[in-house]
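*Asks:* next come a sequence and a model predicted from it.
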Amino acid sequence: MATSTNCDDLEYNPFYNALRNQYSRIFAQAQEDNYLICIPRIGCLAGVKLTQAFIESHLLKPSPYLKLLYSPMNNSNIYITLYNRDLFIEEHGMTRVKKTSVRVVADERGYTKDFKEYTICILNEPLVATKRDESHKKSFTENLELGNTYNSHYQYLTSFPKSADFIAKMTRDIDIFNKSYIIVQGFLSETATKLELLCSKYSQLFLSSLNSDLDIDWRVNDWIPVAVESFIMHGVHDKVYHAVCESLKSTDDTVGKILNSANSITPEQLGVSNDFCCEFSSAIVELARIEGLKTPIERLLCYRDTLKQIYNDVEAHVKKHQPLKCVFDEPVSVTADDLIPMLVFVLLQSKCQHLMANQYYLEHFNWSKSFGDDLSYTLVTYSAALVYIQSDIFRLLDNTHKLQNEISIDELVATIEHNKCVQTKMNDNTRSKPNSNPTQKLFNEKLDDISHAIANHCTELHVEPNKSTYRRFSAPSTSRTKKRGSQRETTNDDLGSFLSALSNDFQDVSYGHQ
């Protein structure tokens, strides 16, 4: 069965419903023979009679000779070519060839019971010209779409008959609720039930006001409850949301402390794949605006758009830093295991307050389901991220991050080696420059003399620098002592000169016994 598309929901398309129900035999044949099934969008079908000839003219049989070349099921004199999301039509008549084109606005994949694949194309207009019924009463909802904001929902409600009376009654009930209804802590579910009944009441009033004689886009059955809920929850938001925040204050404070302590955790430490690690700046900006939204549907859509921005940020990062992976323009695959850590990082950086209260508000004060399963998936994803933040695993990760703030042994050694290199370069630069200070020059010469003396002393005692000197004090054999007697006398003389030079240093610093 075909899945619905964003631009035109097939569930409400009269052409698709007629094809599936009234002309099911033709539909089954088209599926079996892998026809290209073309369905005009809802807005262009008002007043069109869905006859069998009209239906068959949109079922395109593929050519056995050329790819992407088709002919309608009921007319072999018409050739239709699919190219770059356009259908080019050539109709060969007795005297001339008529050429037209129709735009493909969307396409889908469908599957038969035997798992055979077929293609459905949503068209901007019908493939063949047809007369419309003159007695058709154009619906005021024909070109009306439901937006994603409170203002668009309000404008949608005002387009209905008797909307002024209904809106006035809703406004009065909202004022009564705000002034007289008492929200008791611990009984928020009763408040949610009362508001749900109020939304259901006015949704039925709007739906009952529609004239059944009109050819109405029946998506309004789902859209009206969304708009009514948006209007009512916008009016009671301040009172209800404040009560929710007070009820979950302790939980929000706990989560807030966890987020503040782990604010500097990186995506790598959260377990995000190295290929996907980026700043997620677009997602953070999108999520940060949630505090300014009032209705549950607006907040849910903000959550959904944040997840989309995470995908977009990851895709842009991969294309920029790993272009070889995007040679064939394949979409970047982000699994749920990757998404949860990335969402946790976005929550850490967005500085959102009342995360737990907002989650409760969305779960208990949102009843409309017209936007599909993607919002349900969004809500579950955020719930999983919040559970992970409160888990012992996240606290352990936070403690590990704090320990890593102290310098390790390897880092200490690397720092010392770096400082030695810097100091060596500085000394080389200093010595390479002409020194006009006699005292500094004499000091450098003394340092060189001391270095040479120590090196010679180690060589005479057969002790290499930076190695253990215990061999110097081991008891030598008698023959070796006699053999090197004269050398020891010379060494004692050298040591005396060395210590004398230190005691007479020009810096007036005495060494040895004071």
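*Replies:* Here it is on my side, so go on.

*Asks:* if you count neighbours, what's buried in the lengthiest helix in the chain?
*Replies:* For the chain, the helix reaching the highest residue count under DSSP state H is reported as helix 220-247. Burial within helix 220-247, assessed by neighbour count using 16 or more other CB atoms under 10 Å, is assigned to 220, 222-237, 239-241, 243-245, 247. Glycine gets a C-beta too; all of them are placed from N, C-alpha and C.

*Asks:* immediately after that helix, which helix or strand?
*Replies:* Downstream of helix 220-247, the first helix or strand assigned by DSSP states H and E is helix 249-261.

*Asks:* between that following helix and helix 220-247, how many degrees?
*Replies:* Relative orientation of helix 249-261 and helix 220-247, computed by axes from the mean of the first three to the mean of the last three CA atoms, to 10 degrees: 90 degrees.

*Asks:* counting by contacts, list what the longest helix of the chain packs against.
*Replies:* helix 150-158, helix 163-180, helix 188-208, helix 296-321, helix 355-364 (3 or more CB pairs under 8 Å, 6 or more residues apart in numbering; DSSP states H and E).

*Asks:* which of these sits closest to Q31?
*Replies:* With respect to Q31, and counting by CB to CB, the nearest of these is helix 296-321 at 32.7 Å.

*Asks:* list the buried residues for the closest one?
*Replies:* 296-307, 309-310, 312-314, 317-318.

*Asks:* circling back: as CSV, the helices and strands packed on helix 220-247 with mean pLDDT and distance to T424 would be great.
*Replies:* Formatted as CSV, the helices and strands packed on helix 220-247 follow (pLDDT from 0 to 100; distance: least, CB to CB, whole Å):
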stretch, mean pLDDT, distance to T424
helix 150-158, 90, 68
helix 163-180, 94, 76
helix 188-208, 92, 70
helix 296-321, 90, 36
helix 355-364, 94, 53
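
*Asks:* please identify the buried residues of stretch 191-198?
*Replies:* Quick answer for stretch 191-198 (16+ other CB under 10 Å): T191, A192, L195, E196, L198.

*Asks:* what do you get for stretch 264-272?
*Replies:* Neighbour-count burial for stretch 264-272, counted by 16+ other CB under 10 Å, picks out I265, P267, Q269, L270, V272.

*Asks:* same thing with stretch 280-290?
*Replies:* Judged by neighbour count using 16+ other CB under 10 Å, the buried positions of stretch 280-290 are F280, S282, A283, I284, E286, L287, A288, I290.

*Asks:* so for that stretch, mean pLDDT?
*Replies:* The pLDDT scores in stretch 280-290 average 92.

*Asks:* now stretch 264-279 - C-alpha only, PDB.
*Replies:* Extracted C-alpha coordinates of stretch 264-279, given in PDB (Å, rounded to 0.1, in the frame of the first residue of the first chain):
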ATOM      1  CA  SER A 264      31.300  21.600  28.800                       C
ATOM      2  CA  ILE A 265      30.900  18.000  27.800                       C
ATOM      3  CA  THR A 266      31.800  17.500  24.100                       C
ATOM      4  CA  PRO A 267      29.800  15.300  21.600                       C
ATOM      5  CA  GLU A 268      32.800  12.900  21.500                       C
ATOM      6  CA  GLN A 269      32.400  12.300  25.300                       C
ATOM      7  CA  LEU A 270      28.700  11.600  24.800                       C
ATOM      8  CA  GLY A 271      29.500   8.900  22.400                       C
ATOM      9  CA  VAL A 272      28.700  10.700  19.100                       C
ATOM     10  CA  SER A 273      30.400   9.200  16.100                       C
ATOM     11  CA  ASN A 274      33.500  11.100  15.000                       C
ATOM     12  CA  ASP A 275      32.000  11.400  11.500                       C
ATOM     13  CA  PHE A 276      29.000  13.300  13.000                       C
ATOM     14  CA  CYS A 277      30.700  15.500  15.600                       C
ATOM     15  CA  CYS A 278      30.000  19.200  14.900                       C
ATOM     16  CA  GLU A 279      28.700  22.300  16.700                       C
END
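
*Asks:* so where is the protein shaky, pLDDT-wise?
*Replies:* 1-9, 92-98, 131-145, 211-219, 322-331, 369-373, 395-416, 418-420, 422-423, 425-514 (pLDDT under 70).

*Asks:* good, we can wrap up now.
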